[in-house]
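Student: What would the 3D arrangement of this be:
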Amino acid sequence: MKVLAWLAFPLVATLLAMCWAAWRGRSRGPRRSGGAFASVEDFRRFNEAIAAPGPRATPERRRGLGRRVDTPSTKIAGQGS
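Tutor: Next up, the predicted model:
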């Protein structure tokens, strides 16, 4: 009988967790902010900001500062394969 009492604790904890999750996830009515955008002007500015070109995914390589890479025509004859 003591084993059944110990099995009741997880069952009660699970039921309490389900009730708490249902209570936290309930609908609380309309928001006071009035929606995602307060005005049409805010929505227009948002669309312009999204449509504006952003930074490049990879920056352009700076010229003249990188290492020199030897090409086959600049190698000394007899070296390499």
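Student: Dump the helix or strand bottoming out on mean pLDDT in the chain to CSV, keeping only the CA atoms.
Tutor: Here the helix or strand of the chain ranked lowest by mean pLDDT, DSSP states H and E is helix 40-51, holding a mean of 88. C-alpha atoms of helix 40-51 as CSV (Å, rounded to 0.1, in the frame of the first residue of the first chain):
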residue,chain,number,x,y,z
VAL,A,40,-0.5,53.4,-40.4
GLU,A,41,2.6,55.6,-40.4
ASP,A,42,4.4,53.2,-38.1
PHE,A,43,3.6,50.4,-40.5
ARG,A,44,4.8,52.3,-43.5
ARG,A,45,8.1,53.1,-41.8
PHE,A,46,8.5,49.4,-40.8
ASN,A,47,8.0,48.3,-44.4
GLU,A,48,10.6,50.9,-45.7
ALA,A,49,13.1,49.6,-43.1
ILE,A,50,12.6,46.0,-44.2
ALA,A,51,12.9,46.9,-47.9
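Student: Just the buried positions in that helix, please.
Tutor: Of the residues in helix 40-51, none count as buried by neighbour count, 16 or more other C-beta atoms under 10 Å. Heads up, the C-betas are built off the backbone N, CA and C, glycines and all.
Student: what helices or strands is that helix leaning on?
Tutor: Judged by 3 or more C-beta pairs under 8 Å, 6 or more residues apart in numbering; DSSP states H and E, helix 40-51 is in contact with no other helix or strand.
Student: could you pull out the helices for the chain?
Tutor: 2-24, 40-51 (DSSP state H).
Student: Tabulate these in CSV, adding columns for distance to residue 60.
Tutor: Compiled in CSV, the helices of the chain are given as follows (distance: least, C-beta to C-beta, whole Å):
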stretch, distance to residue 60
helix 2-24, 49
helix 40-51, 23
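Student: Residue 59 is nearest to which of those?
Tutor: With C-beta to C-beta as the criterion, residue 59 lies closest to helix 40-51 of the helices of the chain, at 21.8 Å.
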